[in-house]
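Enquirer: using only what follows, build the 3D model:
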Amino acid sequence: MSLSINLNSIILIFRRSAEFLSISDTLNLLSLNKAFKSELPNDEWFRRLCLLILSDIFNDQIIDDNNSFSLLSELLGCSFTNFRDIYSSIKHSYNLIKNPCGEFGFNYWNSYSGPWIIENSGCWSNKKSTYVSGAFWCHLTQIVEFPENSRPKLLVIGSPIRRKDVNGGEARLEVELIKEGNNKEKNVKKSRLFPAWKREQNKRSISIKPPLTEPDSQGLCNWGQLIMKIKLNKNYKKASISFYGKDEKYWKGAFGTRFGYCYARIFYVN
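Expert: Numbering: from 1, shown residues only. The predicted structure follows:
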């Protein structure tokens, strides 16, 4: 078996384990295999793995060798010159949100309300399901716990979001940080997704990218990005994370904002 085939298989393992194991934990397990330990990791492995993990965060852009350093530097507020440097910041990162796109129904969500449905078409990337909100505000909430250490951390929460071409949509992200002593601190991020006809009438800036484009064959517009960044210190122990969506015009049925992959990741920064 060639190294390239091995590498593709290894990347697939990391993709499948990304929702419950950090990169370093998966690497430690794979290192029990002598063949893996003798051939990997190498520079190409670092490159492929870093691009894979970054694609979950910068989900409305094409991640490649040319822009990965600048995008992550802007996100974390520090500079990178090679993929090994990037790996040192992301190696302990994994998705703290369980069941991020509805593969297991609404399992693992601490609470949810509203006319949500789960569809198996129009999904994000290689996912096979997606959450679709309805005519009124819907929410999905999970409580996540942070790793116990004193290193400075950046919490990145978000999801790729999109809408049908004929419907406006709204999305909101609420994060309630819980400190020692059960003290709480709320953070809110909002986005609105207007159909083309509405955008011409409304002059306010739209905080979601990419720009509205022609819909696909299913009448769905391009994916945009709802994202929030929060600096954490050792006093923060966990967070209650809620994803909200609705259809702006109250259409009967589930025609509201679609959430392709809900995530919450910890990055360590110097």
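
Enquirer: low-confidence stretches in the stretch 51-200 of the chain?
Expert: Within the stretch 51-200 of the chain, the stretches with pLDDT under 70 are 56, 58-62, 191-200.

Enquirer: what ranges do the strands span in it?
Expert: Using DSSP state E, counting those that start in this stretch, the strands of the stretch 51-200 of the chain run over 111-113, 117-119, 130-132, 138-145, 153-162, 169-179, 184-193.

Enquirer: between the ones you listed, which one is closest to residue 63.
Expert: When the strands of the stretch 51-200 of the chain are compared by Cβ to Cβ, strand 153-162 sits nearest residue 63, at 13.2 Å. No exception for glycine: its C-beta is placed from N, CA and C like everyone else's.

Enquirer: circling back to that earlier point, okay, the strands of the stretch 51-200 of the chain, which one's buried deepest?
Expert: Among those, ranked by average contacts under mean count of other Cβ atoms under 10 Å, first place goes to strand 130-132 (a mean of 26).

Enquirer: please name every helix or strand in contact with that one.
Expert: For strand 130-132, the packing partners by 3 or more Cβ pairs under 8 Å, 6 or more residues apart in numbering; DSSP states H and E come out as strand 117-119, strand 258-259.

Enquirer: direction included, what does the first one pair against?
Expert: Okay, so that is strand 117-119. Within its sheet, strand 117-119 is paired with strand 130-132 (antiparallel), according to DSSP bridges.

Enquirer: now what about the strand it pairs with, what contacts it?
Expert: 101-102, 116-120, 122-124, 140, 243, 245, 254-260, 262 (Cβ atoms under 8 Å, 6 or more residues apart in numbering).

Enquirer: which among the residues you listed count as buried?
Expert: Buried subset of the contacts of strand 130-132 (neighbour count, 16 or more other Cβ atoms under 10 Å): 101-102, 116, 122-124, 140, 243, 245, 254-260, 262.

Enquirer: returning to that earlier point: rebuild the helices and strands packed on strand 130-132 as JSON lines, extending it with distance to residue 51.
Expert: Formatted as JSON lines, the helices and strands packed on strand 130-132 follow (distance: least, Cβ to Cβ, whole Å):
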{"stretch": "strand 117-119", "distance to residue 51": "28"}
{"stretch": "strand 258-259", "distance to residue 51": "23"}
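
Enquirer: for these, which one sits closest to residue 225?
Expert: Comparison of the helices and strands packed on strand 130-132 against residue 225 by Cβ to Cβ identifies strand 258-259 as nearest, at 11.3 Å.

Enquirer: quick one on the thing from earlier: of the helices and strands packed on strand 130-132, which is nearest residue 159?
Expert: Going by Cβ to Cβ, the one of these nearest residue 159 is strand 258-259, 4.6 Å.

Enquirer: chain center to the closest one: distance?
Expert: Distance of strand 258-259 from its chain centroid, counting by Cα atoms, centre = their mean, to the nearest Å, is 11 Å.

Enquirer: going forward can the numbers begin at 59, since that is how I track them
Expert: Renumbered: residue one is now 59, and that last one reads strand 316-317.

Enquirer: what residues does that strand touch?
Expert: With Cβ under 8 Å, 6+ apart, strand 316-317 has contacts from 159, 177, 180, 188-191, 198, 217-221, 229, 278, 301, 303.

Enquirer: what mean pLDDT does that strand get?
Expert: Mean pLDDT, strand 316-317: 93.
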